[in-house]
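Asker: coordinates only, sequence not included:
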């Protein structure tokens, strides 16, 4: 559940490029390749210990688990210009009941969620209340 001292995020990945299982197999994965300024700012704002929902985009359209930021404030290793941000994350908890985008859109408590309002944003901020609601939904 939500803790006041932690920030919460949602990180999208196309599972055919980088899936939850890929992160689990890798251990500490580098979250890189983000080329949107708002998403970059969200990555730059992350701190070690922050948690993020891992969302499968394009295929599945669902939150499949929670990962934790293990290294913050790094430069994206795929960026030759050095201006884009990245973090390292580790899988923390896989959901028994993934939470679908359809479920999220159907819940009025999540109407202002960045996942709903800014649907193309690959790294989104999640409020503590949104975090609690989605975690409840994941329990089935």
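Answerer: Nice, thanks for sending it over. The structure displayed is predicted, hence computed values, not measured ones.
Asker: how far is the lengthiest strand in the chain from where the chain is centred?
Answerer: If you go by DSSP state E, the chain has its longest strand at strand 85-100. Remark: strand 85-100 is offset 7 Å from the chain centroid, using CA atoms, centre = their mean, to the nearest Å.
Asker: do stretch 132-140 as well
Answerer: Here stretch 132-140 is found 15 Å from its chain centre; the criterion is CA atoms, centre = their mean.
Asker: list the contacts for the nearest residue to residue 114 once chain neighbours are set aside?
Answerer: Take residue 114 and drop its neighbours on the chain: the residue closest to it by CB to CB, 6 or more residues apart in numbering is residue 124, 3.7 Å away. Placement of C-beta: from N, CA and C, glycine included. Applying CB atoms under 8 Å, 6 or more residues apart in numbering to residue 124 gives the contacts 9-10, 12, 39, 42, 113-115, 118.
Asker: Let me know the average pLDDT across the longest strand of the chain.
Answerer: Per-residue pLDDT values over strand 85-100 give a mean of 97.
Asker: Now that strand: buried residues?
Answerer: When burial is assessed from 16 or more other CB atoms under 10 Å, strand 85-100 yields the following buried residues: 85-89, 91, 95, 98-99.
Asker: what about the strands in this protein?
Answerer: Using DSSP E, the strands of the chain run over residues 8-13, 28-31, 51-56, 62-75, 85-100, 123-126.
Asker: Would you reformat those strands as JSON lines and include distance to residue 138?
Answerer: Converted to JSON lines, the strands of the chain look like this (distance: least, CB to CB, whole Å):
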{"stretch": "strand 8-13", "distance to residue 138": "13"}
{"stretch": "strand 28-31", "distance to residue 138": "21"}
{"stretch": "strand 51-56", "distance to residue 138": "9"}
{"stretch": "strand 62-75", "distance to residue 138": "7"}
{"stretch": "strand 85-100", "distance to residue 138": "4"}
{"stretch": "strand 123-126", "distance to residue 138": "13"}
